[in-house]
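# task: produce atomic coordinates for the following.
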Amino acid sequence: MIVKTDAIVLSTMKYRETSKIARLYTREFGRVSVLAKGARAAKSPFRSALEPMNHVAAVIYKKDNRELQLLSQCDVLRSFKHLSEEIEKLQTALAGLELVNVVTHEEERNEELFELLLSFLTAVNVATKNLKVALYYFEMRLTGLLGFQPELDVCSQCGRSAEELNGDAYKFGQSGILCRRCGVNATTTLFPSSLSFLRALRRFSTVQAALNLHPAPSVQEQVGRILRRHLQTHIEGFHGLRSEEVFAAIT
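Predicted structure coming up:
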């Protein structure tokens with residue numbers, strides 16, 4: 001069966017002498033691994049299209065129950081050229097791609113996740129500030145789409161209302177904030193300003209809107225740790241982003 005879908009290139013790897021294997025996140029089929037024969041040849045029509053972060057139109061010879069599909073055609077719809085001009089933009093964009101790569105399974109369609117990733121790359125491409133905020137927004141929305149967004153309004157364990165959670169700091173557990181009673185043994189403390197920031201990330205409907213937030217650096221740092229720990233708790237085998245480790249080593 002020949003199918004056409006728009007897709008975002010998540011990653012690529014060399015295959016034999018002239019070919020590539022690419023992992024795409026498609027609108028129609030979710031994550032799909034494809035073989036692009038001759039993609040590394042000098043005159044290959046795939047050569048410029050199969051670059052991570054590209055938004056492409058892909059034509060795929062698709063066969064059910066086959067792990068590696070055959071890519072027939074791939075045309076660039078948008079290359080997000082500014083993402084590679086600044087190291088912080090590149091790091092942020094690659095972190096988003098890596099997260100999608102980690103949390104998704106082959107051929108599980110999630111059009112909302114495709115749209116989220118596309119809007120995330122679009123916003124980061126033109127952003128002039130608050131790139132970490134864009135990533136935190138992406139992570140928050142991602143947890144919502146996958147069904148484990150942290151509970152921020154009531155105790156995630158017993159359900160006590162927010163009014164009963166007031167204090168100088170909140171405890172944060174595996175599923176969200178905890179009241180004093182349920183959080184007595186919790187080790188992660190979340191301060192009110194960080195909780196307000198998390199709620200704002202949840203409230204905004206677009207990445208562009210979230211970029212107008214201006215949390216203090218200390219709040220960004222704490223929220224980043226909280227979200228990453230939350231992802232590690234709910235995603236089996238996830239221990240952090242390799243892209244962040246690579247960039248930390250070279251900057």
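# contacts, neighbours, all on C-alpha from now
Noted.
# packing partners for the helix or strand hosting V223?
Following DSSP states H and E, one finds V223 within helix 217-234. When contacts are defined as 3 or more CA pairs under 8 Å, 6 or more residues apart in numbering; DSSP states H and E, helix 217-234 sits against helix 131-146, helix 192-203.
# out of those, the one nearest C158 is which?
Nearest to C158, of all those, is helix 192-203, at 18.5 Å by CA to CA.
# how far away from the center of its chain is the closest one?
The chain centre lies 19 Å from the centre of helix 192-203; the measure is CA atoms, centre = their mean, to the nearest Å.
# just the mean pLDDT for that helix, thanks.
Averaging pLDDT along helix 192-203 gives 93.
# ok so, going back, any chance of TSV for the helices and strands packed on helix 217-234, columns distance to R228?
Shown next, in TSV, are these (distance: least, CA to CA, whole Å):
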stretch	distance to R228
helix 131-146	8
helix 192-203	13
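# okay, those, which one's buried deepest?
helix 131-146 (a mean of 21; mean count of other CA atoms under 10 Å).
# let me see the contact set for R109.
T26, R27, E28, F29, G30, R31 (CA atoms under 8 Å, 6 or more residues apart in numbering).
# what helix or strand is it on?
Here R109 is assigned to no helix or strand, by DSSP H and E.
# which elements pack onto the strand or helix carrying S33?
According to DSSP H and E, S33 maps onto strand 30-36. Secondary-structure packing of strand 30-36 (3+ CA pairs under 8 Å, 6+ apart): strand 19-26, strand 69-78.
# so which of the ones you listed gets nearest Y137?
Closest among the helices and strands packed on strand 30-36, once you apply CA to CA, is strand 19-26, at 19.5 Å.
# and that closest one, what does it pack onto?
By 3+ CA pairs under 8 Å, 6+ apart, strand 19-26 packs against strand 2-15, strand 30-36.
# dead centre of the chain: give me the residue that sits there.
Nearest to the mean C-alpha position of the chain, by CA atoms, centre = their mean, lies G96 at 3.3 Å.
# which of the helices or strands spans it?
With DSSP H and E as the criterion, G96 is inside helix 87-103.
# and if you look at A57?
Per DSSP H and E: strand 55-61 holds A57.
# next, the angle from that strand to strand 69-78.
160 degrees (axes from the mean of the first three to the mean of the last three CA atoms, to 10 degrees).
# point out where the stretch 151-251 of the chain drops to low pLDDT.
162-168, 243-251 (pLDDT under 70).
# again, only this time at 80
160-169, 180, 237-251 (pLDDT under 80).
# how far away is L99 from S19?
Going from L99 to S19 by CA to CA, to the nearest Å gives 25 Å.
# scratch that, Y25
Distance of Y25 to S19, computed by CA to CA: 19 Å.
# the more surrounded of these two?
Of the pair Y25 and S19, Y25 is the one with more neighbours under other CA atoms under 10 Å, namely 32 against 19.
# need the contact list for the more buried one.
Y25 neighbours (CA under 8 Å, 6+ apart): A7, I8, V9, L10, R31, V32, F114.
# look at the third one and say how many residues are nearby.
By that I understand V9. Using other CA under 10 Å: V9 sits among 22 other residues.
# got a list of what it touches?
A22, R23, L24, Y25, L50, E51, P52, M53, N54, H55, V56.
# what about 7 Å?
By CA atoms under 7 Å, 6 or more residues apart in numbering, the contact list for V9 reads R23, L24, Y25, L50, E51, P52, M53, N54, H55.
# tell me what it is bridged to.
L24 (DSSP bridges).
# and the pLDDT for it?
97.
# look up how far K37 lies from it.
V9 is 16 Å from K37, by CA to CA.
# ok, now the fourth one?
Here the criterion is CA to CA. By it, L10 lies 18 Å from K37.
# look at the two and report which has more neighbours.
Ranked by neighbour count (other CA under 10 Å), L10 and K37 place L10 first, with 26 against 19.
# cheers, nothing more for now.
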